[in-house]
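> structure for this input, please:
(chains A and B)
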Amino acid sequence: MRELSYREAIRDGLAEEMERDSSVVLLGEDIEPGGVFNVTPGLVDRFGPNRVIDTPISELAFTSAAFGAALKGLRPVVEIMFGDFLGLVVDTLVNQASKYWYLSNEQASVPLVVRSTIGAGARFGACHSQTPTGWFLGEPGLKLVAPATPADAKALIKAAIRDENPVLFFEHKLLYGRKGEVPENGAPVPIGSAAVRRRGTDVTICAALAAVETALEAAEELAGDGLDADVVDLRSLHPLDADTIAESAARTGRLVVVEEGPPSGGYAAEVVAAAVERVGPLAARRVTMPDLPIPFSAPLEDWALPDAGAVARAARELARA
Amino acid sequence: MSERGAAPTQTPSSTRSKPADLESLYAAMLRIRMFEDAVHLLFLRNEIEGTTHLCQGQEAVNVGVSNALEPGDTVTATYRGHGACLAMGADPERLFAELLGRETGLNGGRGGSMNVVDLERGVLGCFGIVGGSIGAGTGAALAAQLRGDGTAAVAFFGDGAVNQAYFHECLNFAGVRRLPILYACENNLYGEWTPMGKVTAGGRILPRAEAYAIHAVQVDGNDVLAVREAAAEALARARAGDGPTLVEFLTYRHKGHSRVDPGKYRPKEEVEAWLQRDPLPRLAERLEPEAVKRIGDRVEREIETALDAARAAAFPDPNQPASATKEPR
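Below you'll find the model as predicted:
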């Protein structure tokens, strides 16, 4: 099996789906040369300018146009350069695309993928570092996908493109260079399925995107203390894989959720709620960022990010209680 | 020729070469007028709940444009969209049923007045947010261009939408890509309760299109034949690869903005003057009196029958399983 970086894996997934289905088209800013994060270079040479379309810096125009194009049979994949810019297209995603299947009484669904780079730790400041999953979490009809590994990045972008519904696909900017084994022409990972990354018996740690690495680091630290952690990579934030979460939480009786985002209104709360509703009373903690905009200065940003130490501390507190 | 705007029976020849069927155009406008009058009464009686936005007075724009379309062309419309749906051939019974919240409605009662979709008739949607129709229509035109299928798109929107980001961003995008679309501005002089001139810098819409390298013309929107001709020209340009056209159709809303608005902010003389330019009598003058009466009787019966059937239909069952997403069965 080949080793690919996370960004190459996404590119590979896009190319395989474009090869497989001529209705898949890419739209975004600077995507012909490859985009700011260099995910799409070369695709225009392979698929032509009618499939890889550079747009004005005009997110509402090309995202709403992608929505309309999806109604006419295309399967557009839009790139929103930074997740922070998703605020510009909320109306299209929330009032149009995600409601269409239900409101039209199932006349048509909207096969639209919106890829976006998110995440802190790159010193990009408050408006280029957010993980704005909470803006969209509760929206019926909108799926949220958040891969943590190169293999999942590829398998999930393929699943997102084949999905008949609007999918928001989050890519963490610190993960783009991570390498891992990625199968060629592999099967898509079903949206809504989590993956257990580490088997343990004493505490469940759930996380997504770059926070999965944080959770695995914390698990190693905890192992030194004799605490054996189960680490669940959520992979999809809406719908959540409540069965896998609950199965793990029921086994361990303790739940820590790591979220690179503000303390309220995020997926961490939903994970805890999903577990408690299925398992009953649980010892649970959320490890998130502080209730502040993401700061620029290195010591401030590092302080604001959830780190392995904080995750391990939360787990130890639950074990002591 | 069917009297429905974008009749599936039309042959794909250029509309410009087809003579206008005045009786069909009149019947299509009258159907909208009588439908909206009936909806108004249903609201006053509280039989239709929520709110509604009526289009009496603006029928010629929807009918003239729809009549210039070819099979496969699409329309996106606004929350004042009953006229656009009916002009495209939507079944009045199913549209009534939708407004009445019945299971037989075009959207099974899930959408209501502001969110009607009728894909079979080429109506991609009516959009409840001002400007939404512009984005979706631009996308339909993008798909037409990328697929090279020869179709064109129409986006209806009001004068109130020309200050929205959707308008400016999408006209730029369409201008850059030379998309096959008719931006059909229904300028009824008021954005909700506010006169257009008070909130639109420069007071004019056409120069905005010029800024985006988009051909633009102003047309009497209460003259259905002028509307049809302008639309046909715009659509021919679109199909020829000559890019988008903005047509500003000057028209007038006989009623207020919505249910709670009797429209009292409008000068009486202004309303009187526009009532004199009502598109229906203007076309009726060109028909035989016998034809006007015959069509009037027929459409009246049709609307009555449609309403009776819609009223008799059941409400949707909340216990039916429903999903916000389409999943493989």
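> so which strand or helix has the closest residue to chain A within chain B?
Per Cβ to the nearest Cβ, residue B:139 is where chain B lies closest to chain A, at 2.0 Å. For the C-beta atoms, the positions are set from N, CA and C on the backbone; glycine is no exception. Using DSSP states H and E, residue B:139 sits within helix B:132-147.
> so which elements touch that helix?
helix A:59-71, strand B:74-78, strand B:123-127, strand B:153-158, helix B:165-177, strand B:181-187 (3 or more Cβ pairs under 8 Å, 6 or more residues apart in numbering or on different chains; DSSP states H and E).
> do stretch B:308-315 and chain A meet?
No - Stretch B:308-315 does not reach chain A (Cβ under 8 Å from any Cβ of the partner chain); its nearest approach is 13.9 Å.
> picking up where we left off before, buried ones in the helix holding residue B:139?
By 16 or more other Cβ atoms under 10 Å in any protein chain shown, the buried positions in helix B:132-147 come out as B:132-147.
> among those, which two are most distant?
Farthest pair in the buried residues of helix B:132-147 (Cβ to Cβ) is B:132 and B:147. Separation: 22.8 Å.
> re the thing from before, OK, contacts around the nearest residue to the residue of chain B closest to chain A once chain neighbours are set aside?
Excluding its sequence neighbours, the residue lying closest to residue B:139 (Cβ to Cβ, 6 or more residues apart in numbering or on different chains) is residue A:68, at 2.0 Å. Shown in contact with residue A:68 (Cβ atoms under 8 Å, 6 or more residues apart in numbering or on different chains): B:76, B:124, B:135, B:136, B:137, B:138, B:139, B:140, B:141, B:142, B:143, B:153.
> for the residue in chain A positioned nearest to chain B, give me the pLDDT.
Chain A approaches chain B most closely through residue A:68 (2.0 Å), counting by Cβ to the nearest Cβ. The model reports residue A:68 with a pLDDT of 98.
> again, but for the one 10 residues further on
pLDDT, residue A:78: 98.
> which of the helices or strands spans the residue positioned nearest the centre of chain B?
Among the residues of chain B, the one closest to the centroid is residue B:84, at 2.6 Å (Cα atoms, centre = their mean). For residue B:84, the element it lies in under DSSP H and E is helix B:82-87.
> which SSE is immediately downstream of that helix?
helix B:92-99.
> let me know the average pLDDT across that next one.
Here helix B:92-99 scores 98 as its mean pLDDT.
> what lies in contact with that helix?
B:31, B:35, B:38-39, B:42, B:48, B:52, B:82, B:85-86, B:103-107, B:109, B:111-113, B:116, B:302-303, B:305-307, B:309-311, B:313.
> just how off-centre is stretch B:170-181 within its chain?
Distance of stretch B:170-181 from its chain centroid, counting by Cα atoms, centre = their mean, to the nearest Å, is 21 Å.
> related to what we said a few turns ago, what count of nearby residues applies to the closest residue to the residue nearest to the centre of chain B other than its chain neighbours?
What sits nearest to residue B:84 in space, not counting adjacent residues and going by Cβ to Cβ, 6+ apart, is residue B:77, at 3.7 Å. Other residues near residue B:77 come to 30 when the count uses other Cβ atoms under 10 Å in any protein chain shown.
> run through the stretch 1-150 of chain B and note the low-pLDDT ranges.
Where the stretch 1-150 of chain B drops to pLDDT under 70, the residues are B:1-17.
> any idea of the pLDDT on residue 306?
No chain was given, so I picked chain A. Looking at residue A:306, the pLDDT reads 97.
> please go with chain B instead
Reported pLDDT for residue B:306: 98.
> and the spatially closest residue to residue B:137 that is not a sequence neighbour, what does it touch?
Nearest residue to residue B:137, sequence neighbours excluded (Cβ to Cβ, 6+ apart): residue B:155, at 2.9 Å. Residues in contact with residue B:155 (Cβ under 8 Å, 6+ apart) are B:75, B:76, B:133, B:134, B:136, B:137, B:138, B:181, B:182, B:183, B:184.
> tell me what residue B:155 is bridged to.
residue B:76, residue B:183 (DSSP bridges).
> now it: how far from residue A:250?
The spacing between residue B:155 and residue A:250, counted by Cβ to Cβ, to the nearest Å, is 53 Å.
> where does chain A dip in pLDDT?
For chain A, no range has pLDDT under 70.
> please enumerate residues in contact with the strand ranked longest in it?
The single longest strand within chain A, with elements called by DSSP state E, is strand A:75-82. The contact list for strand A:75-82 (Cβ under 8 Å, 6+ apart) reads A:14, A:21, A:23-31, A:35-37, A:39-40, A:59, A:62-63, A:66, A:69-70, A:86, A:89, A:111-118, A:124, A:127-128, A:161.
> inside strands: which ones of those?
A:24, A:25, A:26, A:27, A:28, A:113, A:114, A:115, A:116, A:117, A:118.
> restricting to those, which residues neighbour chain B?
Near chain B, by the rule Cβ under 8 Å from any Cβ, you find residue A:25 out of these.
> same list (the ones in strands among the contacts of strand A:75-82) but as a markdown table, adding neighbour count.
Formatted as a markdown table, the ones in strands among the contacts of strand A:75-82 follow (neighbours: other Cβ atoms under 10 Å in any protein chain shown):
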| residue | neighbour count |
| --- | --- |
| A:24 | 22 |
| A:25 | 23 |
| A:26 | 26 |
| A:27 | 25 |
| A:28 | 27 |
| A:113 | 28 |
| A:114 | 29 |
| A:115 | 27 |
| A:116 | 21 |
| A:117 | 25 |
| A:118 | 25 |
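> domain map for chain A?
Domain ranges of chain A: A:2-182, A:195-320, per automatic domain parsing.
> tell me the contacts of residue A:5?
Residue A:5 neighbours (Cβ under 8 Å, 6+ apart): A:150, A:176, A:177, A:178, A:179.
> actually, residue A:50.
Taking Cβ under 8 Å, 6+ apart, we find residue A:50 in contact with A:25, B:146.
> how about the strands in the stretch 151-300 of chain A?
With DSSP state E, counting those that start in this stretch as the criterion, the stretch 151-300 of chain A has strands at A:167-172, A:179-182, A:195-198, A:203-207, A:229-233, A:236-238, A:254-258, A:283-287.
> buried deepest among those, which one?
strand A:203-207 (a mean of 31; mean count of other Cβ atoms under 10 Å in any protein chain shown).
> got the contact list for residue B:154?
So residue B:154 contacts B:65, B:69, B:73, B:74, B:75, B:76, B:137, B:181, B:182, B:184, B:231, B:235 (Cβ under 8 Å, 6+ apart).
> pick the one among those closest to residue B:267.
residue B:184 (26.7 Å).
> can you count the residues close to the closest residue to the closest one other than its chain neighbours?
Spatially, and ignoring its direct neighbours in sequence, residue B:184 is nearest to residue B:156 (4.9 Å; Cβ to Cβ, 6+ apart). By the measure other Cβ under 10 Å, the count of residues near residue B:156 is 30.
> wait, doesn't residue B:156 sit right on residue B:77?
Yes - using Cβ atoms under 8 Å, residue B:156 makes contact with residue B:77 at a distance of 4.6 Å.
> shared neighbours of these two, anything?
B:62, B:84, B:133.
> tally of neighbours for the first one?
Other residues within reach of residue B:62, judged by other Cβ under 10 Å, total 34.
> so how far is the helix or strand containing it off the chain centroid?
For residue B:62, the enclosing helix or strand under DSSP H and E is helix B:59-67. Put simply, helix B:59-67 sits 7 Å off its chain's centre (Cα atoms, centre = their mean).
> which residues does residue A:64 contact?
Residue A:64 touches A:89, A:91, A:92, A:96, B:132, B:134, B:135, B:136, B:138, B:139, B:166, B:170, counting by Cβ under 8 Å, 6+ apart.
> and if we set it to 10 Å?
Residue A:64 makes contacts with A:58, A:78, A:89, A:91-93, A:96-97, B:127, B:131-139, B:165-166, B:169-170, B:173, as judged by Cβ atoms under 10 Å, 6 or more residues apart in numbering or on different chains.
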